[in-house]
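[1] Need a 3D model of the sequence below.
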Amino acid sequence: MAVAVIVRSRRRSTRRPVAQPGAAASEASVAQWPPVPILGTPTAEDLERYAAEPSIFDRPAIQMVFGGGQKREPLDEATRRRLTRWGAAGLALCLLAVGSQALESATFSKDSGLETSGEISYEPCIAAPCWAAELEQAPASDDADYPEPTQVGETQEPSLDADCRPESRNPRVRKLDAKMTRAVNRQWQRIEAWLKDHAPKSYRTLSKPGKAESIAAAEAETGLRFPDDLRASLLRHDGAAVADDTWAFGFLGNWNLSLQEIRDTWRGLCEIDGEDEEEMADPRSDWWDGRMLPFGADGMGDHLVIDSVKRDVGETDHEGSMSFTPGGVRIRSYYALLKATADALENGGSIGYWKPRTVADELDWDVRERD
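    Predicted structure coming up:
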């Protein structure tokens, strides 16, 4: 009896279970995995449309250039990423260079730096070459706040020009602004390119670069702070010198002085006039003042100068006057003079009444005739 019960129970356990209502649907849902996407299954056209495009480096033209005419294996993903990064870095450098150029133009080229002083009174030069013209004295700058000069009838003993007697100090090389150096060099490149093509004799008179230590020594001796644009110019060309009987290059009928010539000329002018006629006089209205930096000479006792305080360009006359409208225009800085010269050379223009021209492969400054 017990044996019959055991055999019967084993038969029941081996039988397949009877399917209940709804069981087939449940099994079907389990078989469908993963489930169908909500947006549907992509078709073959969808897969083709969204397939990754081949890299530009796999194109036949690129392979011909960089592969020596032989078909190369496609670049691996790591190499493509490196090339992409290098390309992005190169593009960033180009954008940085363009941005620097735009910033420099906005900073240094907002205007020409020249201001006309009104009607110019002069007589045309007859002799050639012409290096000077008689001008009507321009009015003193109205932006300077100086005490009233001594009244007529009052007498006062001359006082020593303190700027001609600076305190002794050790030379110190000052750091030069890189942006100013680039701006000055760019104007010199324009001038040099024009001289090479139109006045090669004058180009050969340009001197070699000066030294920062020499500039520091000149500052220590004169007690004056050279403007950055003048220092950058001297570091490119330490003045100019006569070469093969060719007049040395310079601006407005003058030749450019070297650092040694600047120091010697400053010392010589201070020896000639090292006193202030009036204790409270305007140093810009006197014939000479020790705060001026002579950087050009015409060989007849006249000089182009920079006011080391205001940093604009002026000229001294050996007959006893100083003006800050050389050529009948105000020149706000040495950089403005450089740029105005480059513009005049390239465009056939002039700086006030001074007009550059070429004579037998040599630069000559002539007096512009009335329009």
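[2] List the buried residues for stretch 249-265?
    Neighbour-count burial for stretch 249-265 flags 249-259, 261-263, 265 (criterion: 16 or more other Cβ atoms under 10 Å). Where C-beta positions appear, they are placed from N, C-alpha and C, glycine not excepted.
[3] And for stretch 336-353?
    336-345, 350-353.
[4] how about a markdown table for these, with distance to residue 272 added?
    Converted to a markdown table, those look like this (distance: Cβ to Cβ, whole Å):
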| residue | distance to residue 272 |
| --- | --- |
| 336 | 29 |
| 337 | 25 |
| 338 | 29 |
| 339 | 33 |
| 340 | 30 |
| 341 | 29 |
| 342 | 34 |
| 343 | 35 |
| 344 | 32 |
| 345 | 34 |
| 350 | 32 |
| 351 | 28 |
| 352 | 27 |
| 353 | 28 |
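[5] Show me what the mean pLDDT comes to for whichever strand or helix holds residue 231.
    If you go by DSSP states H and E, residue 231 is part of helix 228-236. For helix 228-236, mean pLDDT rounds to 97.
[6] Check which element follows it along the chain.
    strand 255-256.
[7] which residues sit against that next one?
    Residues from elsewhere that reach strand 255-256 (Cβ atoms under 8 Å, 6 or more residues apart in numbering): 205, 237, 239-240, 242, 247-250, 295-299.
[8] in the chain, which segments are predicted with low confidence?
    1-37, 52-75, 100-101, 103-112, 115-159, 274-281, 369-371 (pLDDT under 70).
[9] Show me the strands in it, by range?
    Remark: strands assigned in the chain by DSSP state E are 114-116, 159-160, 255-256, 275-276, 292-297, 303-307, 313-317, 321-323, 329-331, 354-358, 363-367.
[10] picking up where we left off before, put together CSV for the contacts of strand 255-256, with distance to residue 306 on each row.
    Below are these laid out as CSV (distance: Cβ to Cβ, whole Å):
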residue, distance to residue 306
205, 21
237, 16
239, 14
240, 17
242, 23
247, 22
248, 19
249, 18
250, 14
295, 6
296, 10
297, 13
298, 16
299, 19
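[11] Please spell out the PyMOL selection for the buried subset of these.
    Filtering those down to the buried ones (16+ other Cβ under 10 Å) takes a single PyMOL command:
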select buried, resi 205+237+239+240+247+248+249+250+295+296+297+298
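[12] Which parts of stretch 351-369 count as buried, going by neighbours?
    351-356, 358, 362-368.
[13] what residues does stretch 333-349 touch?
    108-109, 112-114, 180, 183-184, 187-188, 190-191, 194-195, 198, 227, 229-230, 233, 251, 295, 306, 311-313, 331, 350-351, 355-356.
[14] got the angle between the helix holding residue 231 and strand 303-307?
    Going by axes from the mean of the first three to the mean of the last three Cα atoms, to 10 degrees, helix 228-236 is angled at 130 degrees with respect to strand 303-307.
[15] list the helices and strands helix 228-236 packs on?
    Secondary structure elements in contact with helix 228-236, counted by 3 or more Cβ pairs under 8 Å, 6 or more residues apart in numbering; DSSP states H and E, are helix 178-198, helix 212-222, helix 334-347.
[16] Of those, give the one that comes closest to residue 291.
    helix 212-222 (9.2 Å; Cβ to Cβ).
[17] now for that closest one, which elements pack on it?
    helix 228-236, helix 259-272.
[18] show me what contacts the closest residue in space to residue 203 that isn't next to it in sequence?
    If the residues on either side of it in the chain are set aside, residue 203 comes closest to residue 195, at 3.7 Å by Cβ to Cβ, 6 or more residues apart in numbering. By Cβ under 8 Å, 6+ apart, the residues touching residue 195 are 202, 203, 206, 249, 345, 363.
[19] Can you name the two of these that sit furthest apart?
    206 and 345 (13.9 Å).
[20] now for the top helix by length along the chain, which elements pack on it?
    When the chain is scanned for its longest helix (criterion: DSSP state H), the result is helix 77-108. The contact analysis (3+ Cβ pairs under 8 Å, 6+ apart) places helix 77-108 against helix 178-198.
[21] Now the helix it packs on: buried residues?
    180-181, 183-188, 190-192, 194-195, 198.
[22] Of these, which is the nearest to residue 90?
    When the buried residues of helix 178-198 are compared against residue 90 (criterion: Cβ to Cβ), the nearest one is residue 186, at 23.0 Å.
[23] Please tell me how far the closest one sits from residue 192.
    11 Å (Cβ to Cβ, to the nearest Å).
[24] Was I right to think residue 217 contacts residue 173?
    No - Residue 217 is beyond contact range of residue 173, at 9.6 Å (criterion: Cβ atoms under 8 Å).
[25] contacting residues around the spatially closest residue to residue 192 that is not a sequence neighbour?
    Of all residues not flanking residue 192 in the chain, residue 203 sits nearest, at 6.6 Å (Cβ to Cβ, 6+ apart). By Cβ under 8 Å, 6+ apart, the contact list for residue 203 reads 192, 195, 196, 249.
[26] Kindly report the same for residue 210.
    234, 235, 237, 238, 239, 258, 259.
[27] what's the burial count for the second one?
    So that's residue 235. 18 (other Cβ atoms under 10 Å).
[28] I'd like the helices and strands packed on helix 212-222 as JSON lines, with distance to residue 221 appended.
    JSON lines is the format used below for the helices and strands packed on helix 212-222 (distance: least, Cβ to Cβ, whole Å):
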{"stretch": "helix 228-236", "distance to residue 221": "15"}
{"stretch": "helix 259-272", "distance to residue 221": "6"}
